[in-house]
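> the sequence isn't on hand, but the structure is:
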Ligand SMILES: [Zn+2]
């Protein structure tokens, strides 16, 4: 804990990463204080500029101070404020000896986009498109993102949905909302995370998860339908038997590898790989290739059908509420 020093008075701790001796204002989030420069804040954010000028107006009265600097308290989390300040200082090369701040190794896209939007940073469009890049509109770009391991986590997707909602870029039929809802419906969510979604989105994601699970079962059955490839190079009947056996296992509930409900992801691949590598009775490479290609086709089809899938979810929600628009009822609850 080298970079944290405790003050004597109230439990405020300095964030030494963002504590400039030449700073002339202290930003506080929670119990963490950041000593920064007014001009850096006000040059890049109209919201912060307004906060600082109202600060200047009240300077005569009992203005809170830390280390001789006026204090601005923000209601955001420490995590968010760190991202906000990093964005403000990113690329700044001042002649007063301040090291330019490098972005954190793992930049948190959702936090950046949220802060950039809230504080009206000049760079908010860039932050937003960096985030939107992770919610692609074509299956090809989704696939590329996924295979590069750039898929956002379910909790990031939840934060993104909340942001899309906040700025009104949240038409449920748009690809980025579909991808975000898909990711948020992921089965790897720890307990309680889904509840950080607002209003009807919790229900939307739960219903979508159910629909995707059903779809995954259907996709698994489809994947192993139809026997070996016409170009099969395996020993007589081996691939045919193995594929038929797998299909039967899926249909009778003996194999549940599809249960992960990551229907748009590549998880079936490892199942197919396993079938190819199985000692003594593995399927041939041609048949494995055929299955992989079919798996990809099934995922591509699902991608195309996502709008219809979500429309059914919406209909189910409307039906459950006797035809009322669910979002209205949830508002400001
Ligand atoms: Zn074969």
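That came through, no problem. On a predicted model such as this, the values are computed, not experimentally measured, just so you know.
> only C-alpha atoms from now on, for both contacts and neighbour counts.
OK.
> so the closest residue to the ion within the stretch 201-333 of the chain: helix, strand or coil?
Using CA to the ion, the closest approach of the stretch 201-333 of the chain to the ion is made by residue 232 at 3.7 Å. Assigned with DSSP: H, G, I helix; E, B strand; the rest coil, residue 232 falls in the coil class.
> ok, it - contacts?
Applying CA atoms under 8 Å, 6 or more residues apart in numbering, we find residue 232 in contact with 239, 284, 286, 287.
> pLDDT below threshold where in the stretch 51-200 of the chain?
Along the stretch 51-200 of the chain, the parts satisfying pLDDT under 70 run over 58-62, 91-107, 187-195.
> the residue located most distally from the centre of the chain: which element?
The C-alpha centroid of the chain is most remote from residue 236, which lies 47.3 Å away (CA atoms, centre = their mean). Assigned by DSSP states H and E, residue 236 belongs to neither a helix nor a strand.
> and it, backbone torsions?
With angles defined as degrees, to the nearest 10, residue 236 sits at phi -40, psi 120.
> so what pLDDT did it get?
The per-residue pLDDT reported for residue 236 equals 90.
> from residue 242, how far off is it?
According to CA to CA, to the nearest Å, residue 236 and residue 242 sit 12 Å apart.
> try residue 321
47 Å.
> cool, residue 224 as well?
Computed as CA to CA, the residue 224 to residue 242 distance reads 10 Å.
> isn't residue 171 right up against residue 177?
Yes - contact criterion CA atoms under 8 Å: residue 171 and residue 177 qualify, at 6.9 Å.
> between the two, which has more neighbouring residues?
The neighbour count for residue 171 versus residue 177, taken as other CA atoms under 10 Å, is higher for residue 177 (24 against 12).
> next, count neighbours for the residue nearest to the more buried one when sequence neighbours are not counted.
Closest residue to residue 177 apart from its sequence neighbours, by CA to CA, 6 or more residues apart in numbering: residue 170 at 6.3 Å. Using other CA under 10 Å, residue 170 has 16 neighbouring residues.
> now the helices for the stretch 101-250 of the chain?
Counting by DSSP state H, counting those that start in this stretch, one finds helices in the stretch 101-250 of the chain at the ranges 109-118, 124-132, 139-147, 154-167, 175-184, 201-223, 238-251.
> how far does the first one sit from its chain's centre?
Distance of helix 109-118 from the chain centroid (CA atoms, centre = their mean, to the nearest Å) equals 13 Å.
> tell me the angle that helix makes with helix 124-132.
Helix 109-118 and helix 124-132 are oriented at 150 degrees to each other (axes from the mean of the first three to the mean of the last three CA atoms, to 10 degrees).
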